[in-house]
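# Got a predicted structure here, sequence first:
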Amino acid sequence: MQTLRSAPAFGPAGSGSAFAAAGGKHTKDLPAWLKAYGLDAFEYQGGNGIRGSDAAFSEIGEAARAAGILVSLHAPYFISLSGVEEETRLKSVEYIRASVRAAELLGADRIVIHTGSAAKISREEAMRLAADTLSRVLTELGEDGVKLGLETMGKVNQLGTPEEVLSLCKLSRRLVPVYDFGHINAREGGGVFPDADAFRRTFDRIAAVLGDDAARNLHCHFSRIEWTAAGEKRHLNFEDAPAFGPDFEPFIEAIARENLAPRVICESAGKMADDALTMKRFYLGLTEKQEER
């Protein structure tokens, strides 16, 4: 079941340098540290594979519940919903199954999945293959349980524009969008989100296709991302290269003004916890000013 919230939640993808600087070494200690640091969530990083025992995942999940920290899980990067070879797509079904199993032990309510490539085939064919793979996943796993989050992607030759993600999410109530605003900005060569209204229109579009709850409780990633003509190049920190957006201030202005409650996972390079806290503090500052009026 999707977690409904009255306010945004902020947290890092993984842990980051601040946790390490505080002496943190084990993921099971991360939830308590995040709570003390002032954050609300984190995304477990399984991009290089789901590695760990059931006991270890359960221990992290227990720590997160004790600290009141929301958990999601990033599934392996090598998942390819649109793989041309059927064997590749069948393996992706297995990777998703393993990710869901780990998420259940972690107490995570969703996993985040890369949608695949459209480099060697048409986007129409890539969408057909991705829909087929997801149908196989849903046949095996059912319509209920840990949400399957489909991420917007940052490279031009990848499947995963906002419209492609929304279209795939219409296949099942178990499929939910994961908007990476840095990815969206990078694949379009920047300038996608110049102000709060641009972010508001994005949320409005999600609501128009998938309903108000999907927009209000969106799971999203936020960071500055350097881009080239091919799209995403590398993640940055907020203090890096301001020429590469998007800027977080208009994003926070939009969610505060529209009373939205997304879960915002920061994917900055190393300083993901620091930048997540910067966004939360900016949000709290805006809402305090609104309450004073």
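Now that the structure is in, tell me what you want to look at.

# separation between T88 and I96?
13 Å (C-beta to C-beta, to the nearest Å). Every residue, glycine included, has its C-beta placed from N, CA and C.

# Give me the more crowded residue out of those two.
I96 (23 against 17; other C-beta atoms under 10 Å).

# what kind of secondary structure is the more buried one in?
What DSSP: H, G, I helix; E, B strand; the rest coil gives for I96 is helix.

# isn't it right up against S80?
No: counting by C-beta atoms under 8 Å, I96 stays clear of S80, with 11.1 Å between them.

# can you map out the strands along the stretch 1-150 of the chain?
9-12, 41-45, 70-74, 110-114, 147-151 (DSSP state E, counting those that start in this stretch).

# For G285, which of those strands is the nearest?
For the strands of the stretch 1-150 of the chain, distance to G285 was read as C-beta to C-beta. The smallest value, 13.3 Å, belongs to strand 9-12.

# ok, S80 - contacts?
T88, R89, S92, H114, G116, S117 (C-beta atoms under 8 Å, 6 or more residues apart in numbering).

# Could you single out the nearest of those to D240?
H114 (24.0 Å).

# Quick check: Q290 touching N259?
No: assessed by C-beta under 8 Å, Q290 is found out of contact with N259, at 9.6 Å.

# still on that earlier bit, just send the strands of the stretch 1-150 of the chain back as CSV, with mean pLDDT too.
Formatted as CSV, the strands of the stretch 1-150 of the chain follow (pLDDT from 0 to 100):
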stretch, mean pLDDT
strand 9-12, 98
strand 41-45, 98
strand 70-74, 98
strand 110-114, 97
strand 147-151, 98
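
# Columns mean neighbour count on top of those, output as TSV?
Shown next, in TSV, are the strands of the stretch 1-150 of the chain (neighbours: other C-beta atoms under 10 Å):
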stretch	mean neighbour count
strand 9-12	26
strand 41-45	25
strand 70-74	24
strand 110-114	26
strand 147-151	25
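
# I'd like those strands laid out as CSV, including distance to S135.
Shown next, in CSV, are the strands of the stretch 1-150 of the chain (distance: least, C-beta to C-beta, whole Å):
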stretch, distance to S135
strand 9-12, 31
strand 41-45, 26
strand 70-74, 22
strand 110-114, 14
strand 147-151, 12
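
# out of these, which comes closest to A241?
strand 9-12 (20.0 Å).

# Check which helices and strands that closest one sits against.
Judged by 3 or more C-beta pairs under 8 Å, 6 or more residues apart in numbering; DSSP states H and E, strand 9-12 is in contact with strand 41-45, strand 263-266, helix 272-292.

# And that strand, how far out from the chain middle?
10 Å (C-alpha atoms, centre = their mean, to the nearest Å).

# CA atoms only for that strand, dumped as PDB, please.
In PDB, the C-alpha atoms belonging to strand 9-12 read as follows (Å, rounded to 0.1, in the frame of the first residue of the first chain):
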ATOM      1  CA  ALA A   9       9.900  13.300   3.500                       C
ATOM      2  CA  PHE A  10      13.600  13.900   2.700                       C
ATOM      3  CA  GLY A  11      16.500  11.600   2.700                       C
ATOM      4  CA  PRO A  12      19.600  10.300   0.800                       C
END
